[in-house]
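> build me a structure from this.
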Amino acid sequence: MNDLKYTVSHIVKNQNRSNDMRGSILSIVDHNINNVSIITCNKGSIRSNHYHKKDYHFMYVLYGEINYFFKKIDDQKVSFLKIKNNQTVFTPKLEIHATHFPVDTKLIVSSGFPRDKKTYEEDTVRVNFINDQNIKSYMSKYDN
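Residues are numbered from 1 along each chain as shown. Down below sits the predicted model:
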């Protein structure tokens, strides 16, 4: 994934690089990254509800799970992914995304841009996408 030609959110295949008597090495991001953050999310919380003008990120679930909603900026069609333990989801630029956490969850988020407040705020456009009023409706539609 070194060229980031992907333009839609998707689950990334993690690469098992090594496995021997010492343990194992699992590559979850194989791209240029400027920030790595650990984010904890409480059961029932909603995060994101934004898109990035130029940035992208990878979210790896250490434990828990994500109900991940996304759509193109100029489209009404909403897509859904269930991201589980030890899975990575890629989020491209210019795609509205929101995350709902049905259980306590911890993530490693690797971002293309630095995550200082100024850089983040200049690149992030907030939207009202998934919220406490519509989450049940979305979950009944997508979570089978």
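> now do the contacts for the closest residue to K106 other than its chain neighbours.
Leaving aside its sequence neighbours, K106 sits nearest to L62 (CB to CB, 6 or more residues apart in numbering; 4.4 Å). Bear in mind the C-beta positions are built from the backbone N, C-alpha and C, glycine included. For L62, the contacting residues are I38, N85, K106, L107, I108, by CB atoms under 8 Å, 6 or more residues apart in numbering.
> kindly recompute the last result at 10 Å.
I38, I39, T40, N85, N86, T105, K106, L107, I108 (CB atoms under 10 Å, 6 or more residues apart in numbering).
> tell me which element it is part of?
strand 57-63 (DSSP states H and E).
> just checking: what are the partner strands of that strand?
Here strand 57-63 is paired, per DSSP bridges, with strand 88-91 (antiparallel), strand 105-111 (antiparallel).
> buried ones in that strand?
Buried positions in strand 57-63, judged by neighbour count with 16 or more other CB atoms under 10 Å: H57, F58, M59, Y60, V61.
> same question for stretch 111-124.
S111, G112, F113, Y120, D123.
> kindly report the same for stretch 98-105.
Residues of stretch 98-105 classed as buried by neighbour count (16+ other CB under 10 Å): A98, T99, H100, F101, P102, T105.
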